[in-house]
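**Q** What shape does this take:
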Amino acid sequence: MPLTRHRAAGPLPAMTSRADIQGLRALAVLFVVLGHAGLLGVTGGYVGVDVFFVLSGFLITSILLHEATRRGSLSLVGFYAKRARRILPAATLALIGTAIAATVIVPYVRAEAILKDVAWSALFAANIHFGDARTDYFAANQPPSPVQHYWSLAVEEQFYLVWPALIVGALIVGARRSPSTVRRRVPALAIAVAVLSVLSLVWSIAQTQTHPAAAYFSTPARCWELGAGALLAFFGQSLPRLSKRLRSLVAAVGLGMVLTAGFTFTEATPVPGYHMLLPVLGTVALIAAGSGSTEATRPAVVRLLGKQPLRWIGDVSYGFYLWHWPFLILGQAYVGHSLDLTTRVALIGGALMLAWISYELLENPIRRAQTLSLRPKLALLMCRSRSGAWWWSTSARTPTSATSEIWSPPRPPRSTCPYCRSRSECRAPAIRSTTHSRTPWIGRRSTFRKRRSTTSRRRSDHGWMTRAAGRRRLSCRMTSARSATSAASDG
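**A** Next up, the predicted model:
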């Protein structure tokens, strides 16, 4: 009987551009924006965030698994650089713009609180900040922060930081760059993700019942939504085998589940507990129905999601999500009362146009920059711009009134004299400053220093500084001696 070599399974499918995914992004951001603006009867618009979480888990896991099973290795620097080019430019611009507008529009006390929120958002920790503050997302007795929606972005960014490292530890470490070894480890990782997702769901249900405000912003209480999308990515090779009839049924049921959640959930619905299973499983069904489909097997619902203008809204959905909430909150603070329907529609339209401008002039140029693509470490330097937004928000000054006190830096403490080792009451400050002021002599010597070698220049400078310090110490001692003699004669 001839021996046959075992043929290892190939890499998991690559993540290609999908029009239906853009349509799902458009559906999610429209739910969020319409729910915040109170338009078209969308009472559960917050489920759009859960749709985003499932999409992020599916897309990121598909990208990481394909690279790991194809090459046997995973470049964390390259992954983080791509995420930085995609996320940081628009998010940083929105934070800086919101901080500047807040210092101009709102009162001083509220502006200080907003700048603190901006600082936490710049550090990818807005959900921790708002969760610790026990912020009620639907509270009507206090104005919400214009950067409160950054909590969801913080959850995703924390997922981006941890999840690739876990995949490297589970699949890459010890595999010796062998794609077949990595591929054999994938089922075990899928089981681990399923167990962790179930535990996160149980934790989410328990926390929603006991601490609903904190659970809303909690990353552990939201991990199961990201895990649902990640689990779908593990079955990438099986999804193309679905028949057209089954795809059509799954897509129709999934869309119905998402729409039902968006139009029936209200502020009284306890989230993110077991109620979130409805939009999360509906999103999973929509993604699965379009995965691996061809033109002949693509369901009508999937084709509908890939049509215009949903695709265009999906392209600018990230910026649209970032800008719509500051427009609504700061707009209401500017007029001083609740916004009418016309004003809300105008503000939403302005946020959409600003998102499109940001997408064309900022996001796309940075994301497609050839220099940043070839040098991933250079793209990671954009994190410094995020740190700059944090620094500006913590150090900015907001005037309280026309007669506000002008801030001035504190005086430095009185230091020890470096020449006579006495305290600042030494009587030689004038002599010390006169002895130290040798600018003309340095100017004459500078022409000769340029001709010397580096070693001789350093040696000469050290010798001159040593002699000058000796002269200054002698001057200090002489001044102290004269002071003692004068005191003795007076006595």
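**Q** quick one: what helix or strand has residue 60 in it?
**A** Per DSSP states H and E: residue 60 is located in helix 47-71.
**Q** Average pLDDT for that helix, rounded please.
**A** Average pLDDT, helix 47-71: 91.
**Q** Mind giving me the packing neighbours of that helix?
**A** When contacts are defined as 3 or more C-beta pairs under 8 Å, 6 or more residues apart in numbering; DSSP states H and E, helix 47-71 packs onto helix 19-37, helix 150-167, helix 179-210, helix 223-234, helix 244-264, helix 277-290. C-betas here are computed from N, CA, C, even on glycine.
**Q** mind listing what's buried in that helix?
**A** 47-69 (16 or more other C-beta atoms under 10 Å).
**Q** how many other residues sit next to residue 226?
**A** Neighbour count for residue 226, taken as other C-beta atoms under 10 Å: 29.
**Q** Can you name the residues that contact it?
**A** 53-54, 56-57, 156, 159, 163 (C-beta atoms under 8 Å, 6 or more residues apart in numbering).
**Q** Just want the phi and psi numbers for the residue nearest the centre of the chain.
**A** Nearest residue to the geometric centre of the chain (C-alpha atoms, centre = their mean): residue 124, 4.6 Å. Backbone torsions for residue 124, taken as degrees, to the nearest 10, come to phi 60, psi 30.
**Q** now residue 42, nearest residue through space, not along the chain?
**A** Once flanking residues are discounted, residue 42 sits nearest to residue 34: 4.1 Å by C-beta to C-beta, 6 or more residues apart in numbering.
**Q** Correct me if wrong: that neighbour contacts residue 44.
**A** No. Using C-beta atoms under 8 Å as the test, residue 34 is too far from residue 44 to be in contact (10.4 Å).
**Q** Let me have the helices and strands packed on helix 47-71 in CSV, extended by mean pLDDT.
**A** Output for the helices and strands packed on helix 47-71, formatted as CSV (pLDDT from 0 to 100):
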stretch, mean pLDDT
helix 19-37, 94
helix 150-167, 91
helix 179-210, 91
helix 223-234, 93
helix 244-264, 93
helix 277-290, 94
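**Q** for those helices, which one sits closest to residue 351?
**A** helix 19-37 (7.8 Å; C-beta to C-beta).
**Q** Now find how far off-centre the closest one is within its chain.
**A** Chain-centre distance of helix 19-37: 20 Å, with C-alpha atoms, centre = their mean, to the nearest Å.
**Q** packing partners for that helix?
**A** Looks like helix 19-37 contacts helix 47-71, helix 244-264, helix 277-290, helix 300-305, helix 310-315, helix 317-335, helix 341-358 (3+ C-beta pairs under 8 Å, 6+ apart).
**Q** Tabulate the CA atom coordinates of it in PDB.
**A** Extracted in PDB, the C-alpha atoms of helix 19-37 (Å, rounded to 0.1, in the frame of the first residue of the first chain):
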ATOM      1  CA  ALA A  19     -19.700  46.000  -0.100                       C
ATOM      2  CA  ASP A  20     -22.100  44.400   2.300                       C
ATOM      3  CA  ILE A  21     -19.700  45.100   5.200                       C
ATOM      4  CA  GLN A  22     -19.800  48.800   4.300                       C
ATOM      5  CA  GLY A  23     -23.600  48.600   4.200                       C
ATOM      6  CA  LEU A  24     -23.600  47.100   7.700                       C
ATOM      7  CA  ARG A  25     -21.300  49.900   8.900                       C
ATOM      8  CA  ALA A  26     -23.800  52.400   7.400                       C
ATOM      9  CA  LEU A  27     -26.700  50.700   9.100                       C
ATOM     10  CA  ALA A  28     -24.900  50.800  12.500                       C
ATOM     11  CA  VAL A  29     -23.900  54.400  12.300                       C
ATOM     12  CA  LEU A  30     -27.400  55.500  11.100                       C
ATOM     13  CA  PHE A  31     -28.900  53.700  14.100                       C
ATOM     14  CA  VAL A  32     -26.500  55.600  16.500                       C
ATOM     15  CA  VAL A  33     -26.900  59.000  14.900                       C
ATOM     16  CA  LEU A  34     -30.700  58.800  14.400                       C
ATOM     17  CA  GLY A  35     -31.100  57.500  18.000                       C
ATOM     18  CA  HIS A  36     -29.100  60.400  19.400                       C
ATOM     19  CA  ALA A  37     -30.900  62.900  17.300                       C
END
